[in-house]
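Visitor: have a look at this prediction, sequence included:
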Amino acid sequence: MALSICNYSFIPLRSEPSEKAEMVSQLLFGDAYEILNIEENWAEVNTLFDNYHGWIDRKLIVDISDAEVEKWVESEKWVVPHPFIEAVCEPTKHNLIIPGGSVLFFNGSDSNSLCIGRNEYYLAFGIKKDVNRNNIDDIAKAFINSPYLWGGKTFMGMDCSGFSQVVHRIAGNDLPRDASQQVELGDTISFVEEARAGDLAFFDNEEGTITHVGICLGGGDIIHASGCVRIDKLDHIGIFNAEKGTYSHKLRVIKRI
């Protein structure tokens with residue numbers, strides 16, 4: 001089966017081959033994927049990074065050799081550490097926004113350019129590729145006020161598990177896509193007071209289904225995507241929204257990745 005790489009800022013990944021279908025996730029710039037099936041104007045794909053399945057618009061597939069994709073996947077890459085960076089595409093000279101969490105394989109260690117298919121992309125002058133990714137507080141807080149978007153993974157709109165996946169990817173930890181998958185990872189933290197920056201807190205509904213995830217900041221704070229990316233208080237009951245004076249989510253478990 002054929003392989004390709006996303007060369008757009010992002011590509012919507014839908015549950016069915018239709019523009020009206022639910023957007024379950026997004027491919028970010030640099031995400032490699034396998035093409036499983038072609039159905040009229042749609043392609044059924046599976047992402048190589050997080051093994052996520054869905055449908056994308058066939059017109060957005062870039063023609064690229066499997067060997068080039070395999071080299072891209074196997075090579076050491078740089079993860080965009082900011083909510084977004086800017087690049088210029090050659091030969092069209094069009095500007096391109098590359099969202100945080102995207103993976104880039106440069107033409108050389110000292111180069112600010114990369115190639116996907118027939119296009120070459122030049123990062124804006126002055127972007128530092130040696131950014132410290134260990135401060136997960138700063139990484140997460142850079143996305144504050146990004147609006148909530150079901151299936152979203154960019155500063156223009158993200159859901160709760162998309163937010164936690166992107167932030168941890170920038171920090172060097174690869175997580176699966178959904179909260180129900182992420183909760184299976186790591187070690188359980190027994191007490192909220194022991195939570196530290198980067199720990200993931202998971203929340204369930206009355207049926208016990210995991211429905212939400214947020215990133216602990218320590219000191220009783222949590223940052224999560226709910227309406228927008230925001231900081232709220234976390235205790236043994238759950239997330240307390242001070243603006244509304246009520247709990248918005250019921251705590252199930254805290255995991256350290």
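Guide: Thanks, I have the structure now.
Visitor: now find how far off-centre the lengthiest helix in the chain is within its chain.
Guide: What stands out as the longest helix in the chain, according to DSSP state H, is helix 160-171. In this view, helix 160-171 has its centroid 5 Å away from the chain centroid, taken as C-alpha atoms, centre = their mean, to the nearest Å.
Visitor: mind listing what's buried along it?
Guide: 160-171 (16 or more other C-beta atoms under 10 Å). (C-beta placed from N, C-alpha, C; glycine too.)
Visitor: got CSV for the residues you listed, with distance to I222 and pLDDT too?
Guide: Shown next, in CSV, are those (distance: C-beta to C-beta, whole Å; pLDDT from 0 to 100):
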residue, distance to I222, pLDDT
C160, 11, 98
S161, 14, 98
G162, 16, 98
F163, 12, 98
S164, 11, 98
Q165, 16, 98
V166, 16, 98
V167, 12, 98
H168, 15, 97
R169, 19, 96
I170, 18, 96
A171, 16, 95
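Visitor: neighbours of I237, how many?
Guide: For I237, the tally of surrounding residues (other C-beta atoms under 10 Å) stands at 11.
Visitor: which residues does F10 contact?
Guide: 26-29, 99, 153-154 (C-beta atoms under 8 Å, 6 or more residues apart in numbering).
Visitor: filter those residues down to just the ones in strands.
Guide: Those of the contacts of F10 mapping onto strands are 26-28, 99, 153-154, per DSSP state E.
Visitor: which helices and strands does the longest helix of the chain pack with?
Guide: helix 136-141, strand 153-154, helix 179-182, strand 210-218, strand 221-226 (3 or more C-beta pairs under 8 Å, 6 or more residues apart in numbering; DSSP states H and E).
Visitor: try 6 Å this time
Guide: helix 136-141, strand 210-218, strand 221-226 (3 or more C-beta pairs under 6 Å, 6 or more residues apart in numbering; DSSP states H and E).
Visitor: quick check: phi and psi on E74?
Guide: phi -80, psi -20 (degrees, to the nearest 10).
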